[in-house]
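**Q** After the sequence you'll find the predicted model.
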Amino acid sequence: MSVLGGDKDKELRIHESLDELGTDLADYIAELSETSVKERGVFALAISGGSLIGLMGKLCEAPYNKTVDWAKWYIFWADERVVAKNHADSNYKLAKDGLFSKVPIVHSHVHSINDSVSAEEAANEYEFAIRQLVKSRVISVSDISDCPKFDLILLGMGSDGHIASLFPNHPVLDEKNEWVTFITDSPKPPPERITFTLPVINSASNVAVVVTGDSKADAVHLAIDDVGPDCPLVPARIVQPTKGKLVWFLDKPAASKLDGFQFSD
Ligand SMILES: O=C(O)[C@H](O)[C@@H](O)[C@H](O)[C@H](O)COP(=O)(O)O
């Protein structure tokens, strides 16, 4: 692994292979879980969908399947497609089938959306559920606003630079008041989704963006490099935790258009 251009608020971890990335990602999540359980007694994690879930797969294997304190985990979705939970497009189903059915997570700690109401109602209900858990401090609270402070938010990124269901030039990028909002016009199907807003993402203690493949290289460049105002503003660029720490997990193809990146072999 090489670390390129990291600073105190942002670290870039660039991996030789998906296997190496998967091991580093599992280590990173397991360490944050341990710290959070030590400090707060629980670990509040929000995840997205997409290739991220497969890349987290090593968590279900030794040693993590035995060493992680799964009973202390609380799971949330940073974004979810508004479809039935057993639908192939459901981010909940993807994570349940790929991860959470394989480790001893407490069923009542898994906070999925209500899939039998509209996108708007699902977003409102999800925000309400999060508010209750902030009150009881299962989810911590930001020191500088009333926003929830998730211990970790794990995001993927699309080749257009979207993160969660925050797509380029979409008005929800400017949402400042809601914690969870909805869209009905997602450019990536399915169209109806709920999503955390940027204030919630940027209030987390830790945010990791996990991106692989050369189809993402341009968006990685636009999100991370010093590109100037004439370049399109990709949503991933606005992921800047106010007090928390940001880590980018990249493979070499995804990192290949970063300024200063050179293949070392
Ligand atoms: O519901 C979704 O569509 C995902 O949550 C989305 O935000 C995803 O993380 C990115 O689109 C990257 O997906 P890939 O890693 O599969 O390209």
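**A** That came through, no problem. Numbers count the residues shown, from 1 in each chain.
**Q** quick one: contacts for the residue lying closest to Ile194 once chain neighbours are set aside?
**A** Once flanking residues are discounted, Ile194 sits nearest to Ala123: 4.3 Å by C-beta to C-beta, 6 or more residues apart in numbering. To be clear about C-beta, it is placed using only N, CA and C from the backbone, and glycine gets the same treatment. For Ala123, the contacting residues are Glu178, Val180, Thr181, Phe182, Ile194, Thr195, by C-beta atoms under 8 Å, 6 or more residues apart in numbering.
**Q** State the distance from Ala123 to the ligand.
**A** Ala123 is 14 Å from the ligand, where distance means C-beta to the nearest ligand atom, to the nearest Å.
**Q** where does that residue land on pLDDT?
**A** The pLDDT attached to Ala123 in the predicted structure is 98.
**Q** And for Asp265?
**A** With respect to pLDDT, Asp265 scores 46.
**Q** got it, and Asp9?
**A** 69.
**Q** so Tyr92 touches Asp79, yeah?
**A** No. Look at Tyr92 against Asp79 with C-beta atoms under 8 Å: they stay out of range, at 11.2 Å.
**Q** returning to what we had before: in TSV: the contacts of Ala123, plus pLDDT and neighbour count.
**A** Output for these, formatted as TSV (pLDDT from 0 to 100; neighbours: other C-beta atoms under 10 Å):
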residue	pLDDT	neighbour count
Glu178	98	16
Val180	98	27
Thr181	98	23
Phe182	98	22
Ile194	98	27
Thr195	98	30
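**Q** Nearest to Gly49 among the residues you listed?
**A** Nearest to Gly49 out of these is Thr195 (C-beta to C-beta; 11.2 Å).
**Q** Sketch out the low-pLDDT regions of the protein for me.
**A** Along the chain, the model assigns pLDDT under 70 to residues 2-9, 262-265.
**Q** What count of nearby residues applies to the residue of the stretch 101-250 of the chain at minimum distance from the ligand?
**A** For the stretch 101-250 of the chain and the ligand, the shortest gap (C-beta to the nearest ligand atom) falls at Gly156, measuring 2.7 Å. Other residues within reach of Gly156, judged by other C-beta atoms under 10 Å, total 23.
**Q** remind me, longest helix of the chain?
**A** helix 18-40 (DSSP state H).
**Q** All the helices of this structure, in order from the start?
**A** Secondary structure of the chain by DSSP H: the helices cover 18-40, 52-55, 64-67, 91-95, 119-135, 198-201, 217-224, 252-255.
**Q** Contacts for stretch 164-182, please.
**A** Stretch 164-182 has contacts (C-beta under 8 Å, 6+ apart) with 48, 78-79, 82, 119-120, 122-124, 126-127, 130-131, 147-148, 155, 158, 160-162, 183, 185-188, 192-201, 232-235, 238.
**Q** and that stretch, how far apart are its ends?
**A** End-to-end distance for stretch 164-182, by C-alpha to C-alpha, to the nearest Å: 11 Å.
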